[in-house]
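# A structural model of the following input is requested.
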Amino acid sequence: MSQNPKHIAILGSTGSIGRNCLSVIHNLKDRFSITYLTTNTNIELLQNQIEHFHPHGVVVLDETKAAALQSMFGDSVEVLTGREGLLEVVRRDDVDLVINSIVGFAGLKPTVEAIKHRKHIALANKETLVVAGELVTSLVKEYSVHLVPIDSEHSAILQCLVGEDWNSASRIILTASGGPLLNTPEDAFASITVEQALNHPNWKMGNKITIDSATLMNKGLEVIEARWLFGLPTERIDVVIHPQSIIHSMVEFVDGSIKAQLGMPDMKLPIQYALTYPERCPMNGSHVDFPKLQSMTFFAPDRKKFPCLQLAYDAMALGGTAPAIMNAANEVAVQAFLEKKIPFQRIPELIEQALAKQKNHVSPDLEHTFQSDHKTREYVRTLL
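Numbers count the residues shown, from 1 in each chain. Predicted coordinates for the structure are as follows:
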């Protein structure tokens, strides 16, 4: 491995997952080489990453920011721009593995392009599978590439299934911390501030995923993602609230035995596992101290208080482009909440309205998926 390091492109290198990926790769520099990094607008952090990891090139989505970065480095690093820049780097021969940590629907097209160019994928962009799971998993098989999840829950499931006959798995149990509003009374939701909803007790994540955690939509997205990653129908994928976030998920087998993956809430562990899979490597970090932990608790999610979780199950039951409609409505609604344009409890209301009013293509191709996403965003913006 040290003689032939894997060449990696990180899409979204300045985000929370991207930064953790670079931390992991820094400690495994004999195994991995960074060839491309990308950001939306954060060229200040990207500049530091360039100086430390010396990639062949970078992508900056914002053209003005890209020009500013190019002036800093001159010809010493290639600077590409826009969405086409993302597609260009995942096609290149000096990339073996693409880490997709872009937030939201925007991550779908680069994933598809990377698969078609036979790049292995370490996926942190759950929306790829939420909105186009059947299409993407079919492409993975057609082009014979590996798609390994980075999400801690799906990494946990994968670790529980290693060495097992996957057909013997009868149920997946996704754990959820409950998010920052777990103990907030439902009648207080009308006055929930953005700051309160972003105050996650266990995980430090980007704003969008943290709001999704507060609504439990994040867990709904993970249910759909798990369905496509592991082949179990959604009625055999359960969610349980586990506030300590020590058990990251579980698999129950046909004989009633349950396997769980445990660890401290640290994204570097599932990231490293995704990069080195199926191997394991030593990693510095905190470890579970059971006497200090004392107890772990579990209870069912309140789907009335947090309707987004049920909306995700409903969308998956409808099939077709319903999950894409749900996802698009959620992205617009979450952004509106972050911009303080709507109250917190309006998020699920907008999603429900979109699912009721937008056309569901039952057997969609990628074009239908993109159309549904675009039309849903326009529709929800009219509701705002």
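
# Report the distance from the helix or strand bottoming out on mean pLDDT in the chain to the chain centre.
Sorting the helices and strands of the chain by mean pLDDT, DSSP states H and E puts helix 290-293 at the bottom, at a mean of 92. Averaged C-alpha coordinates place helix 290-293 at 30 Å from its chain's average position (C-alpha atoms, centre = their mean, to the nearest Å).

# Downstream of it, the next helix or strand is which one?
Toward the C-terminal end, the helix or strand that comes next after helix 290-293 (DSSP states H and E) is helix 307-318.

# What's the first helix or strand after that following helix?
Scanning the chain past helix 307-318 towards its C-terminal end, the next helix or strand to appear is helix 322-338 (assignment: DSSP H and E).

# C-terminal to that following helix, what's the next element?
Towards the C-terminus, the helix or strand next in line after helix 322-338, according to DSSP H and E, is helix 346-357.

# Against which helices or strands is that following helix packed?
Contact here means 3 or more C-beta pairs under 8 Å, 6 or more residues apart in numbering; DSSP states H and E; on that basis helix 346-357 packs against helix 207-215, helix 307-318, helix 322-338, helix 366-383. Glycine gets a C-beta too; all of them are placed from N, C-alpha and C.

# Identify each buried residue in that helix, please.
Counting neighbours by 16 or more other C-beta atoms under 10 Å, one finds that the buried residues in helix 346-357 are 346-348, 350-352, 354-355.

# Looking at those, spot the one nearest residue 206.
Compare each of the buried residues of helix 346-357 with residue 206 using C-beta to C-beta and the shortest gap goes to residue 347, at 16.6 Å.

# That closest one against residue 331, yeah?
No. With contact defined as C-beta atoms under 8 Å, residue 347 and residue 331 do not form a contacting pair (10.5 Å).

# about what we covered before: just tell me which of the helices and strands packed on helix 346-357 ends up closest to residue 32.
Going through the helices and strands packed on helix 346-357 one by one, with C-beta to C-beta as the measure, helix 207-215 comes closest at 24.5 Å.

# And what about residue 252, helix, strand or coil?
Assigned by DSSP: H, G, I helix; E, B strand; the rest coil, the conformation of residue 252 is strand.

# For residue 88, see how far away it is.
Distance, residue 252 to residue 88, using C-beta to C-beta, to the nearest Å: 44 Å.

# Buried residues, the least confident helix or strand of the chain. List them.
Of the residues in helix 290-293, none are scored as buried under the neighbour-count criterion (16+ other C-beta under 10 Å).

# Not counting that helix itself, show me its contacts.
The set of residues that contact helix 290-293 without belonging to it, under C-beta atoms under 8 Å, 6 or more residues apart in numbering, is 244, 246.

# could I have that helix exported to CSV, CA atoms only?
Taking C-alpha atoms only, helix 290-293 is exported to CSV below (Å, rounded to 0.1, in the frame of the first residue of the first chain):
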residue,chain,number,x,y,z
PHE,A,290,-17.9,1.6,30.3
PRO,A,291,-17.6,2.2,34.1
LYS,A,292,-17.7,6.0,33.4
LEU,A,293,-20.6,5.5,30.9
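
# and residue 196, how many residues sit next to it?
Under the neighbour criterion other C-beta atoms under 10 Å, residue 196 is assigned a count of 14.
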